[in-house]
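Peer 1: Take this sequence and fold it.
(one chain, ligands or ions: 1)
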Amino acid sequence: MNSKGVSILLKAIDMNIGFIGAGNLALYMAQGFVKSGAIRASQIIASTPETKKVTVKEIKELGVKFSKDNKITVEQSKLLILAVKPKIIPFVLDELNSYITKDHLIVSFAAGVNIASIEKKLQSDAKVMRGMTNTCCAVKEGATVYATGKNATDQDCQIMEQIFGRVGTVEEVEEAHIDAVTGLSGSGPAYAFEAIEALSDGAVKMGLPRGIALRLGAQSLIGAGRMLLETGKHPGELKDAICSPEGATIYALHHLEKGGFRSLLIDAVEASCCRTRDLQQQGSEEATDTESIKKSIREGMHLKDFLEQNGILKSS
Ligand SMILES: NC(=O)c1ccc[n+]([C@@H]2O[C@H](COP(=O)([O-])OP(=O)(O)OC[C@H]3O[C@@H](n4cnc5c(N)ncnc54)[C@H](OP(=O)(O)O)[C@@H]3O)[C@@H](O)[C@H]2O)c1
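Peer 2: Predicted coordinates:
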């Protein structure tokens, strides 16, 4: 819709997108891209070694192409989204390095994995970005940020803005801010879901049926967020407008203050951010466990060969 309320049909973006990893993040992003009409399903491919996962089934149901082989995904895409766990990133980069060209734009969404550690694993001309987003991309309300590596161009930034702008908000940030973004909006939907559930519990306790309690709780969060963004007012000012003297809301807010509500939220964002930094440590140490190795072994590659190729085992 434009400012006059007239529907504008935006054309699908002509871009082949590949997901390395077909888990939750890839699914929710793909849902957003396809359902918003931003990218045609036939222009998206995802890969992961395991095919029996629910997310793989749901990704296929969208009409997205699927492969068990990450190399096929690289070959068939221009924008390559890394959507695997942070500790798997070094292994997929080693696996795919020789297939990645200077025309690919590689965007990693792995929490805590920094751009330098990715660039180090690839050819010197590889175009790399690091992003953070959230699952709300699925309903076009995602909150995406990205930071650029040494070879990413203005045109690459436009690609990010164009694509992620169709499934929510998107902005460029300094890489140093991405861990804090992870604690805020990467994890944010989980805080909101907990809040909606607890708010509806309160209403159910006071006699409201569960369904309407959840709907009203969710809409209150959507409405408050939209109001803040559209008015540009400080949240304190918007809160004051609801708190009439001696009224119900200020009594409720006093309870939240006594329970340490705001302090808890600050702690939660800090905890998520710090955990992200721990993951960065793990990623840069290339910590290897059996599960990571299992997932990174492609068909036909023996464990011994894999370990030797990755310098974990000395060749005999
Ligand atoms: N979920 C979120 O809200 C969110 C938000 C922002 C960023 N992120 C980041 O996004 C990344 C993925 O998160 P997620 O929640 O989607 O995790 P997930 O559901 O566990 O998905 C990871 C996917 O990668 C697959 N995989 C494992 N090894 C692989 C390999 N060698 N090659 C290709 N695929 C492989 C996994 O397969 P198996 O299931 O068989 O192991 C799984 O399908 C993480 O780095 C996370 O930090 C997530």
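Peer 1: From now on I want contacts and neighbour counts done on CA atoms only, so please keep to that.
Peer 2: Will do.
Peer 1: The ligand contacts on this protein?
Peer 2: Residues of the chain lying close to the ligand by C-alpha under 6 Å from any ligand atom are 20-26, 47-50, 83-86, 92, 109-111, 132-135, 186, 295-296.
Peer 1: C-alpha coordinates for stretch 179-198, PDB please?
Peer 2: Provided in PDB are the C-alpha atoms of stretch 179-198 (Å, rounded to 0.1, in the frame of the first residue of the first chain):
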ATOM      1  CA  ASP A 179      26.100  -8.900  18.600                       C
ATOM      2  CA  ALA A 180      24.000  -6.300  20.400                       C
ATOM      3  CA  VAL A 181      21.400  -6.500  17.500                       C
ATOM      4  CA  THR A 182      21.400 -10.300  18.000                       C
ATOM      5  CA  GLY A 183      20.500  -9.800  21.700                       C
ATOM      6  CA  LEU A 184      17.800  -7.300  20.800                       C
ATOM      7  CA  SER A 185      16.000  -8.200  17.600                       C
ATOM      8  CA  GLY A 186      17.500 -11.500  16.700                       C
ATOM      9  CA  SER A 187      16.300 -13.100  19.900                       C
ATOM     10  CA  GLY A 188      13.500 -10.400  20.300                       C
ATOM     11  CA  PRO A 189      10.600 -12.400  18.900                       C
ATOM     12  CA  ALA A 190      11.200 -15.100  21.600                       C
ATOM     13  CA  TYR A 191      10.900 -12.400  24.300                       C
ATOM     14  CA  ALA A 192       7.700 -11.100  22.700                       C
ATOM     15  CA  PHE A 193       6.200 -14.600  22.400                       C
ATOM     16  CA  GLU A 194       6.900 -15.200  26.100                       C
ATOM     17  CA  ALA A 195       5.300 -11.800  27.000                       C
ATOM     18  CA  ILE A 196       2.200 -12.500  24.900                       C
ATOM     19  CA  GLU A 197       1.800 -15.900  26.500                       C
ATOM     20  CA  ALA A 198       2.200 -14.500  30.000                       C
END
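Peer 1: Offset the numbering so it begins at 374, please.
Peer 2: Okay, using 374 as the starting number, the last item reads as stretch 552-571.
Peer 1: got the buried residues for that stretch?
Peer 2: Buried residues in stretch 552-571, defined by neighbour count with 16 or more other C-alpha atoms under 10 Å: Asp552, Ala553, Val554, Thr555, Gly556, Leu557, Ser558, Gly559, Ser560, Gly561, Ile569, Glu570.
Peer 1: My guess is the fourth one contacts Ala484. True?
Peer 2: Yes: look at Thr555 against Ala484 with C-alpha atoms under 8 Å: they come within range, at 7.2 Å.
Peer 1: Quick check: neighbours shared by the two?
Peer 2: Met505, Thr649 (C-alpha atoms under 8 Å, 6 or more residues apart in numbering).
Peer 1: buried ones in stretch 435-448?
Peer 2: Here stretch 435-448 shows Leu435, Gly436, Val437, Lys438, Phe439, Ser440, Lys441, Asn443, Lys444, Ile445, Thr446, Val447 as buried, counting by 16+ other C-alpha under 10 Å.
Peer 1: packing partners for the lengthiest helix in the chain?
Peer 2: For the chain, the helix with the greatest residue count under DSSP state H is helix 634-658. Packed against helix 634-658 by the contact rule (3 or more C-alpha pairs under 8 Å, 6 or more residues apart in numbering; DSSP states H and E) you find helix 551-554.
Peer 1: Quick one: mean pLDDT over stretch 445-454.
Peer 2: Averaging pLDDT along stretch 445-454 yields 97.
Peer 1: what's the answer for stretch 597-615, then?
Peer 2: Per-residue scores along stretch 597-615 average to 98.
Peer 1: would Phe537 count as being in a helix?
Peer 2: Yes: assessed by DSSP: H, G, I helix; E, B strand; the rest coil, Phe537 belongs to a helix.
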